[in-house]
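Enquirer: what shape does this take:
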Amino acid sequence: MPNIDLTNVAEVSGSGSFNLEPGGYVMVVTDFNAPAGKEYVQLMLDVADGDKKGFYAKSQRPISLFLNWSESMRGRCKHMLHQFADSNPGFDSNAAFLRDQWQQFVGKSIGCIVRMEMHTYQGKDYENSEVADVTTPAAIRSGDFVVPPARDRREKQQAAGAVPNPPAAAAPATEKMPWD
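Expert: Sure thing, here's the model as predicted:
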């Protein structure tokens, strides 16, 4: 019989969880998806070192980083390209980006700050790990990062049978108004 203390272990139903705990991880790009006509590329990642190395190797849904260059996301796109360049000496991430050479990102390292994201899909609530920000692997290894709070995008549903509170009644006037 294994000598394991499961007291502080969270239960997971089904075949297991592919969610990383919130924190900083050195990741490596394992693959990409560049849909034609879209203003983004999806970079699939896996943990590159530490006790979670290869965490997503057997997952059908690895954690992803979306490099989005739509008008409203260009500042974030520039930040990500800068972090890829700083994380991989000799790699010109901007040149690869401008030439749509996404294969050049495969095998490159990046520091990822992971948080939990909660959402509702078809009426059921789920939790997923998501990359909240990127930095260099050196920053991750030195602990020079802050994990943001979880992002909650769940649909707010009223409890079954609950009746909404009626609007508050106006407070009675205590003074006479000029038109009284």
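Enquirer: in this protein, which residue is closest to the centre?
Expert: In the chain, the C-alpha nearest the mean C-alpha coordinate belongs to E130, at 1.8 Å (C-alpha atoms, centre = their mean).
Enquirer: could you list the buried residues of stretch 21-28?
Expert: Within stretch 21-28, the residues scored as buried using 16 or more other C-beta atoms under 10 Å are 22, 24-28. C-beta: built from backbone N, CA, C; applies to glycine.
Enquirer: can I get that stretch in CSV, CA atoms only?
Expert: The C-alpha atoms that make up stretch 21-28 are tabulated as CSV, following Å, rounded to 0.1, in the frame of the first residue of the first chain:
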residue,chain,number,x,y,z
GLU,A,21,-1.3,25.6,-10.7
PRO,A,22,-1.1,29.4,-11.0
GLY,A,23,2.5,30.5,-11.1
GLY,A,24,5.5,31.1,-13.3
TYR,A,25,6.7,28.5,-15.8
VAL,A,26,9.4,28.3,-18.4
MET,A,27,7.6,27.0,-21.4
VAL,A,28,8.6,25.9,-24.9
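Enquirer: give me the element the nearest residue to D49 once chain neighbours are set aside is part of.
Expert: Closest residue in space to D49, ignoring its immediate chain neighbours: V26 at 5.3 Å, by C-beta to C-beta, 6 or more residues apart in numbering. Using DSSP states H and E, V26 sits in strand 23-33.
Enquirer: buried ones in the longest helix that the chain contains?
Expert: The helix that spans the most residues within the chain, counting by DSSP state H, is helix 74-87. Neighbour-count burial for helix 74-87 flags 76-77, 80-81, 83-87 (criterion: 16+ other C-beta under 10 Å).
Enquirer: swap in stretch 45-63?
Expert: Neighbour count says stretch 45-63 has 45-48, 52, 55-56, 62-63 buried, by 16+ other C-beta under 10 Å.
Enquirer: could those go into a markdown table alongside pLDDT, distance to P148 and secondary structure?
Expert: Below are the buried residues of stretch 45-63 laid out as a markdown table (pLDDT from 0 to 100; distance: C-beta to C-beta, whole Å; DSSP: H, G, I helix; E, B strand; the rest coil):
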| residue | pLDDT | distance to P148 | secondary structure |
| --- | --- | --- | --- |
| L45 | 96 | 18 | strand |
| D46 | 95 | 22 | strand |
| V47 | 96 | 19 | strand |
| A48 | 96 | 22 | coil |
| K52 | 92 | 20 | coil |
| F55 | 90 | 20 | coil |
| Y56 | 90 | 21 | coil |
| P62 | 87 | 21 | coil |
| I63 | 91 | 16 | coil |
